[in-house]
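Engineer: next one to model:
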Amino acid sequence: MLEELGEADARGEIAQLYDEMRRLTGVRYVSSMQRHLATRPGWIEWAWGAVRPAFASGAAQEAAWRLSETAEIEPLAPISREALRVLGLNGEDERSIRSICDNFIRVSPTNILFGGLLRRLLEGAKPSGAASLERDWTPPPPLDPLPSLVDLATIAPDLRALVMRFSVEVAGEPFVPGLYRLIARWPGFTAHVATVLGPRLDDPRVVEACAALAGRIDAEAARLVAFLPPAGAPPPARDEAEIAEIVGALRSYGAISPQLIVHARLIRNALPAPA
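Structural biologist: Residues are numbered from 1 along each chain as shown. A predicted model of the protein is given here:
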């Protein structure tokens, strides 16, 4: 699996950066791409320092959230509260799943923009800071904290096989996005999601909608990168191969994030209305 520096293991400057990322995106966790960059010496410090003005001003988040609302996908069939109870979910479980979906709907658009800005810097963009990004901005209140991720190595083989249906390759390694590793806490619900959502993974209409969503947010990154301050120190790469590796990982992660937005919204909207 893709190597990451967990939030509980972060120390010093990286712990401070994690805290700021959580505050500015309005969620109580740091996403996988940032946790992966933190395993590479100096990378998360350099990357966050380079793109931080776009997030401190709220310009990145506001644009990403606005553009993510434009995806239109045929909804999943609704699941009744009685069916959830038969699958073994109580009221608290139902609320937790809704909260998990809300977290991914909020953070995934900002991850696309983060990756788009960083990728362009690594590919040679020369921001001039022609327009200031400095302004007073207050992030939204954070959403409820997420439960811990399920360790895929410790779960039953059949459940692991269902979860792995949602795996992709990032930086040459298999990667299961957190949305599915969190839902795996409820095996019955995971089976339901794999059954109703699994066939949508290759549906051309869903694939096209996800690509269009990613394209809209990535185009905003192309516009916004020019307003970043001029680059300071170069990236802490060992060589050009490492830069290419990270650019490839950013592209892969950027292709995953719109899927998470769409899938999280489909799952949440199929749940019964909050009691």
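Engineer: can you give me the helices for the stretch 101-250 of the chain?
Structural biologist: 157-164, 178-183, 187-197, 204-224, 240-270 (DSSP state H, counting those that start in this stretch).
Engineer: and the first one, how far out from the chain middle?
Structural biologist: I take that to be helix 157-164. Helix 157-164 sits 22 Å away from the centroid of its parent chain (CA atoms, centre = their mean, to the nearest Å).
Engineer: just the buried positions in that helix, please.
Structural biologist: 159, 162-163 (16 or more other CB atoms under 10 Å). C-betas here are computed from N, CA, C, even on glycine.
Engineer: tilt between it and helix 187-197?
Structural biologist: 40 degrees (axes from the mean of the first three to the mean of the last three CA atoms, to 10 degrees).
Engineer: same check, this time on the last one
Structural biologist: Orientation of helix 240-270 against helix 187-197 (the same axes, to 10 degrees) gives an angle of 100 degrees.
Engineer: quick one: average pLDDT of helix 240-270?
Structural biologist: Averaging pLDDT along helix 240-270 gives 93.
Engineer: which strands and helices sit next to it?
Structural biologist: helix 32-37, helix 91-122, strand 168-170, helix 178-183, helix 187-197, helix 204-224 (3 or more CB pairs under 8 Å, 6 or more residues apart in numbering; DSSP states H and E).
Engineer: out of the buried residues of helix 157-164, which comes closest to Ala231?
Structural biologist: Taking CB to CB as the measure, Ala231 lies nearest Val163 of the buried residues of helix 157-164, at 39.7 Å.
Engineer: show me the shaky parts of the protein.
Structural biologist: Within the chain, the ranges that satisfy pLDDT under 70 run 1, 130-132.
Engineer: mind running it again at 80?
Structural biologist: 1-2, 70-72, 130-134, 170-173, 231, 275 (pLDDT under 80).
Engineer: give me the most central residue, it.
Structural biologist: Ser108 (3.5 Å; CA atoms, centre = their mean).
Engineer: who's in contact with that one?
Structural biologist: Ser108 makes contact with 68, 257-258, 260-261, 264 under the criterion CB atoms under 8 Å, 6 or more residues apart in numbering.
Engineer: pipe these into TSV and attach neighbour count per row.
Structural biologist: Formatted as TSV, the contacts of Ser108 follow (neighbours: other CB atoms under 10 Å):
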residue	neighbour count
Ser68	24
Ser257	28
Pro258	26
Leu260	25
Ile261	28
Ala264	24
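Engineer: ok, so of those residues, who is nearest Met21?
Structural biologist: Ser257 (15.0 Å).
Engineer: show me the contacts for that closest one.
Structural biologist: 108-109, 111-112, 115, 214.
Engineer: tell me the one among the residues you listed nearest to Pro235.
Structural biologist: Gly115 (14.4 Å).
Engineer: ok, that closest one touching Ser252?
Structural biologist: No: using CB atoms under 8 Å, Gly115 is not in contact with Ser252, being 9.4 Å away.
Engineer: quick check: closest non-adjacent residue to Arg160.
Structural biologist: Leu152 (5.4 Å; CB to CB, 6 or more residues apart in numbering).
Engineer: look up how far Leu143 lies from the one you found.
Structural biologist: According to CB to CB, to the nearest Å, Leu152 and Leu143 sit 24 Å apart.
Engineer: same deal with Gly124?
Structural biologist: In terms of CB to CB, Gly124 sits 36 Å off from Leu143.
Engineer: settle it for me: which of those two has more neighbours?
Structural biologist: A count of neighbours by other CB atoms under 10 Å puts Leu143 above the other of Gly124 and Leu143, at 18 against 6.
Engineer: contacting residues for the more buried one?
Structural biologist: Contacts of Leu143 (CB under 8 Å, 6+ apart): 26-28, 99, 102-103, 106.
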